[in-house]
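Participant: with the sequence up front, the predicted model follows.
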Amino acid sequence: MALEWLAYRLAQRGYVVLGVNHHGHTNGEPYRAEGFLCLWERARDLSALLDDPSWRSAIGGVIDDEAGVAGFSAGAYTAMLLMGARVAYSQFEPDNPVKSPIRGPREFPDLIDELPWLKDRPVFRESWERRRSDYTDPRIKRAAVIAPGRSVLGFAHDSLQTIHKPIQVFGGDADTVAPPADCCAWINKHVPGSTLEIIKGGVGHYTFLPEGTEIGEHAAAELFQDKPGVVRATVHAYVAQRIANFFDCAL
(Lines give C-alpha, C1' and ligand atoms only; values in the text may rest on other atoms or scores of the structure.)
Protein backbone atom coordinates (compact mmCIF):
# COMPACT_ATOMS: atom_id res chain seq x y z
CA MET A 1 0.00 0.00 0.00
CA ALA A 2 2.92 2.36 0.56
CA LEU A 3 3.44 2.62 -3.20
CA GLU A 4 -0.20 2.56 -4.30
CA TRP A 5 0.30 6.00 -5.86
CA LEU A 6 2.89 4.51 -8.19
CA ALA A 7 1.06 1.24 -8.80
CA TYR A 8 -2.13 3.03 -9.83
CA ARG A 9 -0.35 5.26 -12.34
CA LEU A 10 1.66 2.37 -13.82
CA ALA A 11 -1.54 0.36 -14.24
CA GLN A 12 -3.03 3.34 -16.09
CA ARG A 13 -0.11 3.04 -18.51
CA GLY A 14 -0.97 -0.61 -19.18
CA TYR A 15 1.37 -2.37 -16.76
CA VAL A 16 0.40 -5.32 -14.58
CA VAL A 17 1.55 -4.23 -11.13
CA LEU A 18 2.20 -6.66 -8.27
CA GLY A 19 2.62 -5.48 -4.68
CA VAL A 20 3.93 -7.45 -1.72
CA ASN A 21 3.29 -7.35 2.00
CA HIS A 22 6.67 -8.51 3.28
CA HIS A 23 6.43 -10.82 6.30
CA GLY A 24 7.00 -8.85 9.50
CA HIS A 25 8.14 -5.73 7.69
CA THR A 26 5.11 -4.08 6.11
CA ASN A 27 1.94 -3.06 7.84
CA GLY A 28 -0.13 -6.03 6.67
CA GLU A 29 0.76 -7.69 9.99
CA PRO A 30 2.58 -6.82 13.23
CA TYR A 31 6.23 -5.85 12.84
CA ARG A 32 8.86 -8.47 13.68
CA ALA A 33 12.56 -7.86 14.24
CA GLU A 34 13.34 -10.71 11.84
CA GLY A 35 11.56 -8.86 9.06
CA PHE A 36 13.72 -5.76 9.53
CA LEU A 37 17.01 -7.61 9.99
CA CYS A 38 16.67 -10.11 7.13
CA LEU A 39 15.99 -7.70 4.29
CA TRP A 40 17.22 -10.20 1.69
CA GLU A 41 14.05 -12.23 2.31
CA ARG A 42 12.13 -9.40 0.66
CA ALA A 43 13.86 -10.16 -2.65
CA ARG A 44 12.82 -13.79 -2.36
CA ASP A 45 9.23 -12.64 -1.77
CA LEU A 46 9.16 -10.90 -5.14
CA SER A 47 10.74 -13.81 -6.99
CA ALA A 48 8.24 -16.18 -5.37
CA LEU A 49 5.40 -13.94 -6.49
CA LEU A 50 6.67 -13.93 -10.07
CA ASP A 51 6.82 -17.75 -9.89
CA ASP A 52 3.22 -18.02 -8.69
CA PRO A 53 0.86 -18.70 -11.65
CA SER A 54 -2.34 -17.76 -9.80
CA TRP A 55 -2.22 -14.02 -10.50
CA ARG A 56 -1.64 -14.67 -14.20
CA SER A 57 -4.69 -16.90 -14.29
CA ALA A 58 -6.76 -14.31 -12.45
CA ILE A 59 -5.80 -11.50 -14.83
CA GLY A 60 -5.86 -13.54 -18.04
CA GLY A 61 -4.44 -12.54 -21.38
CA VAL A 62 -0.80 -12.56 -22.41
CA ILE A 63 1.59 -11.12 -19.81
CA ASP A 64 5.28 -10.61 -20.48
CA ASP A 65 7.71 -12.72 -18.47
CA GLU A 66 10.07 -9.77 -18.16
CA ALA A 67 9.54 -7.27 -15.36
CA GLY A 68 10.71 -4.02 -13.84
CA VAL A 69 10.95 -3.42 -10.11
CA ALA A 70 10.38 -0.26 -8.10
CA GLY A 71 11.00 0.11 -4.39
CA PHE A 72 11.07 2.82 -1.74
CA SER A 73 13.51 2.88 1.21
CA ALA A 74 13.90 -0.79 2.23
CA GLY A 75 12.12 -1.55 -1.03
CA ALA A 76 14.96 0.21 -2.83
CA TYR A 77 17.37 -2.21 -1.10
CA THR A 78 15.15 -5.06 -2.29
CA ALA A 79 15.24 -3.81 -5.86
CA MET A 80 19.04 -3.61 -5.77
CA LEU A 81 19.30 -7.23 -4.58
CA LEU A 82 17.09 -8.38 -7.45
CA MET A 83 19.33 -6.52 -9.89
CA GLY A 84 22.47 -8.25 -8.62
CA ALA A 85 23.71 -6.39 -5.54
CA ARG A 86 25.04 -8.72 -2.86
CA VAL A 87 25.37 -8.13 0.85
CA ALA A 88 28.81 -7.66 2.35
CA TYR A 89 27.43 -6.60 5.72
CA SER A 90 23.97 -6.16 7.17
CA GLN A 91 23.47 -2.61 8.44
CA PHE A 92 23.33 -3.63 12.09
CA GLU A 93 25.80 -6.50 12.32
CA PRO A 94 28.70 -5.74 14.68
CA ASP A 95 31.44 -6.41 12.10
CA ASN A 96 30.10 -3.87 9.62
CA PRO A 97 32.87 -1.28 9.14
CA VAL A 98 30.24 1.32 8.18
CA LYS A 99 28.77 2.02 11.59
CA SER A 100 25.12 2.98 11.57
CA PRO A 101 24.30 6.31 13.26
CA ILE A 102 21.03 4.79 14.51
CA ARG A 103 20.14 1.65 16.47
CA GLY A 104 17.17 0.86 14.29
CA PRO A 105 14.56 2.37 11.98
CA ARG A 106 11.60 4.45 13.08
CA GLU A 107 9.41 1.36 13.30
CA PHE A 108 11.93 -0.62 15.40
CA PRO A 109 14.24 1.89 17.14
CA ASP A 110 16.19 -0.68 19.20
CA LEU A 111 16.51 -3.25 16.41
CA ILE A 112 20.21 -3.79 17.01
CA ASP A 113 19.43 -5.22 20.47
CA GLU A 114 17.33 -8.01 18.93
CA LEU A 115 20.17 -9.55 16.93
CA PRO A 116 22.10 -11.45 19.66
CA TRP A 117 19.15 -13.51 20.93
CA LEU A 118 17.67 -14.07 17.48
CA LYS A 119 20.87 -15.77 16.37
CA ASP A 120 19.99 -18.59 18.77
CA ARG A 121 16.82 -19.33 16.80
CA PRO A 122 17.38 -21.88 14.00
CA VAL A 123 15.00 -20.29 11.48
CA PHE A 124 16.53 -16.85 11.90
CA ARG A 125 20.07 -18.22 11.87
CA GLU A 126 19.42 -20.08 8.60
CA SER A 127 18.29 -16.86 6.95
CA TRP A 128 21.09 -14.80 8.49
CA GLU A 129 23.68 -17.19 7.12
CA ARG A 130 22.23 -16.67 3.63
CA ARG A 131 22.61 -12.89 3.71
CA ARG A 132 25.52 -12.93 1.27
CA SER A 133 23.76 -15.16 -1.27
CA ASP A 134 22.88 -14.07 -4.79
CA TYR A 135 19.23 -12.94 -5.09
CA THR A 136 19.39 -11.79 -8.71
CA ASP A 137 16.23 -12.48 -10.67
CA PRO A 138 17.00 -12.54 -14.42
CA ARG A 139 13.37 -11.73 -15.27
CA ILE A 140 13.80 -8.25 -13.81
CA LYS A 141 15.37 -6.01 -16.43
CA ARG A 142 15.40 -2.56 -14.83
CA ALA A 143 14.88 -0.96 -11.45
CA ALA A 144 13.54 2.31 -10.07
CA VAL A 145 15.22 2.88 -6.72
CA ILE A 146 13.44 5.47 -4.56
CA ALA A 147 15.08 7.04 -1.49
CA PRO A 148 17.33 4.09 -0.60
CA GLY A 149 18.26 3.90 3.08
CA ARG A 150 21.63 3.49 4.76
CA SER A 151 21.36 -0.30 4.47
CA VAL A 152 22.62 -0.05 0.87
CA LEU A 153 26.02 1.03 2.19
CA GLY A 154 26.53 -2.61 3.17
CA PHE A 155 26.46 -3.88 -0.40
CA ALA A 156 29.65 -5.45 -1.74
CA HIS A 157 31.30 -2.98 -4.12
CA ASP A 158 32.35 -5.68 -6.58
CA SER A 159 28.77 -6.90 -6.95
CA LEU A 160 27.60 -3.40 -7.86
CA GLN A 161 30.29 -3.11 -10.51
CA THR A 162 28.85 -6.14 -12.31
CA ILE A 163 25.34 -4.69 -12.67
CA HIS A 164 24.79 -3.60 -16.26
CA LYS A 165 21.01 -3.36 -16.33
CA PRO A 166 19.44 0.11 -16.13
CA ILE A 167 18.86 1.59 -12.67
CA GLN A 168 17.21 4.96 -12.04
CA VAL A 169 17.72 6.38 -8.55
CA PHE A 170 15.38 9.01 -7.10
CA GLY A 171 15.88 10.99 -3.90
CA GLY A 172 14.48 14.01 -2.12
CA ASP A 173 16.67 17.04 -1.49
CA ALA A 174 15.40 17.40 2.10
CA ASP A 175 15.60 13.73 3.10
CA THR A 176 17.17 13.56 6.56
CA VAL A 177 16.31 9.88 7.14
CA ALA A 178 18.37 8.68 4.18
CA PRO A 179 20.37 11.70 3.00
CA PRO A 180 20.74 11.49 -0.78
CA ALA A 181 24.38 12.53 -0.65
CA ASP A 182 25.08 9.46 1.51
CA CYS A 183 22.75 6.89 -0.06
CA CYS A 184 21.43 7.80 -3.52
CA ALA A 185 24.74 9.23 -4.66
CA TRP A 186 26.59 6.20 -3.27
CA ILE A 187 24.59 3.83 -5.47
CA ASN A 188 25.00 6.09 -8.48
CA LYS A 189 28.75 6.20 -7.90
CA HIS A 190 29.22 2.44 -7.63
CA VAL A 191 26.75 1.14 -10.25
CA PRO A 192 27.98 1.75 -13.81
CA GLY A 193 25.40 3.40 -16.02
CA SER A 194 22.93 4.16 -13.24
CA THR A 195 21.23 7.54 -13.29
CA LEU A 196 20.35 9.80 -10.37
CA GLU A 197 17.66 12.42 -9.99
CA ILE A 198 17.21 14.46 -6.82
CA ILE A 199 13.73 15.97 -6.55
CA LYS A 200 14.11 19.51 -5.26
CA GLY A 201 11.86 21.88 -3.37
CA GLY A 202 11.98 20.40 0.13
CA VAL A 203 11.10 16.78 -0.69
CA GLY A 204 11.68 14.55 2.33
CA HIS A 205 11.95 10.82 2.82
CA TYR A 206 8.31 10.29 3.64
CA THR A 207 7.07 12.46 0.78
CA PHE A 208 7.26 9.22 -1.20
CA LEU A 209 4.61 7.64 1.03
CA PRO A 210 0.91 8.05 0.13
CA GLU A 211 -1.00 11.18 1.00
CA GLY A 212 -2.30 11.02 4.54
CA THR A 213 -5.89 10.98 5.68
CA GLU A 214 -6.94 13.16 8.59
CA ILE A 215 -6.61 10.11 10.85
CA GLY A 216 -3.14 9.35 9.47
CA GLU A 217 -1.93 12.90 9.95
CA HIS A 218 -3.12 12.83 13.55
CA ALA A 219 -1.61 9.41 14.33
CA ALA A 220 1.77 9.88 12.59
CA ALA A 221 2.26 13.49 11.61
CA GLU A 222 5.93 12.94 10.75
CA LEU A 223 4.91 10.58 7.93
CA PHE A 224 2.29 12.76 6.30
CA GLN A 225 3.26 16.39 6.82
CA ASP A 226 5.70 17.83 4.30
CA LYS A 227 7.66 21.05 4.23
CA PRO A 228 5.76 24.19 3.23
CA GLY A 229 5.32 24.36 -0.52
CA VAL A 230 5.62 20.61 -1.11
CA VAL A 231 2.52 19.11 -2.71
CA ARG A 232 2.86 15.39 -2.24
CA ALA A 233 0.42 14.49 -5.03
CA THR A 234 2.45 16.58 -7.48
CA VAL A 235 5.69 14.83 -6.48
CA HIS A 236 4.00 11.45 -6.87
CA ALA A 237 2.63 12.30 -10.31
CA TYR A 238 6.05 13.50 -11.50
CA VAL A 239 8.02 10.53 -10.16
CA ALA A 240 5.45 8.04 -11.44
CA GLN A 241 5.64 9.54 -14.91
CA ARG A 242 9.44 9.39 -14.84
CA ILE A 243 9.36 5.74 -13.76
CA ALA A 244 6.73 4.80 -16.35
CA ASN A 245 8.84 6.42 -19.07
CA PHE A 246 11.88 4.59 -17.74
CA PHE A 247 10.07 1.23 -17.85
CA ASP A 248 8.71 2.00 -21.32
CA CYS A 249 12.28 2.04 -22.62
CA ALA A 250 12.41 -1.73 -22.13
CA LEU A 251 9.45 -2.31 -24.49
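Facilitator: Thanks, I have the structure now.

Participant: quick one: contacts of stretch 152-168?
Facilitator: 76-77, 80, 83-91, 96, 98, 132, 140-145, 182-183, 186-187, 190-195, 197, 242-243, 246, 249-250 (C-beta atoms under 8 Å, 6 or more residues apart in numbering). (Each C-beta comes from the backbone N, C-alpha and C, glycine too.)

Participant: ok, now with 6 Å
Facilitator: If you take C-beta atoms under 6 Å, 6 or more residues apart in numbering as the criterion, stretch 152-168 is touched by 77, 83-86, 88-89, 91, 96, 98, 141-145, 183, 187, 190-191, 194-195, 246.

Participant: now the farthest one out in the protein, which residue is it?
Facilitator: G61 (29.0 Å; C-alpha atoms, centre = their mean).

Participant: confidence score at that one?
Facilitator: G61 is assigned 88 on the pLDDT scale.

Participant: the stretch 1-150 of the chain: helices as residue ranges?
Facilitator: 4-12, 33-37, 40-51, 54-59, 74-83, 115-118, 122-128 (DSSP state H, counting those that start in this stretch).

Participant: show me what counts as buried in the longest one.
Facilitator: The neighbour-count criterion (16 or more other C-beta atoms under 10 Å) identifies W40, E41, R42, A43, R44, D45, L46, S47, L50 as the buried residues of helix 40-51.

Participant: also the fifth one?
Facilitator: Neighbour-count burial for helix 74-83, with 16+ other C-beta under 10 Å as criterion, is recorded at A74, G75, A76, Y77, T78, A79, M80, L81, L82, M83.

Participant: want to try a markdown table for those residues, with pLDDT as columns?
Facilitator: Putting these into a markdown table (pLDDT from 0 to 100) gives the following:
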| residue | pLDDT |
| --- | --- |
| A74 | 96 |
| G75 | 96 |
| A76 | 98 |
| Y77 | 98 |
| T78 | 98 |
| A79 | 98 |
| M80 | 98 |
| L81 | 98 |
| L82 | 98 |
| M83 | 98 |
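
Participant: may I have the phi/psi pair for L160?
Facilitator: With angles defined as degrees, to the nearest 10, L160 sits at phi -70, psi -30.

Participant: and it, how far from T136?
Facilitator: 12 Å (C-beta to C-beta, to the nearest Å).

Participant: between those two, which is the more surrounded one?
Facilitator: Neighbour count, other C-beta atoms under 10 Å: between L160 and T136, L160 has more, with 22 against 19.

Participant: the residue nearest to that one when sequence neighbours are not counted: neighbouring residues, count only.
Facilitator: Spatial nearest neighbour of L160, chain neighbours left out: H190 (4.3 Å); criterion: C-beta to C-beta, 6 or more residues apart in numbering. Per other C-beta under 10 Å, the neighbour tally for H190 reads 19.
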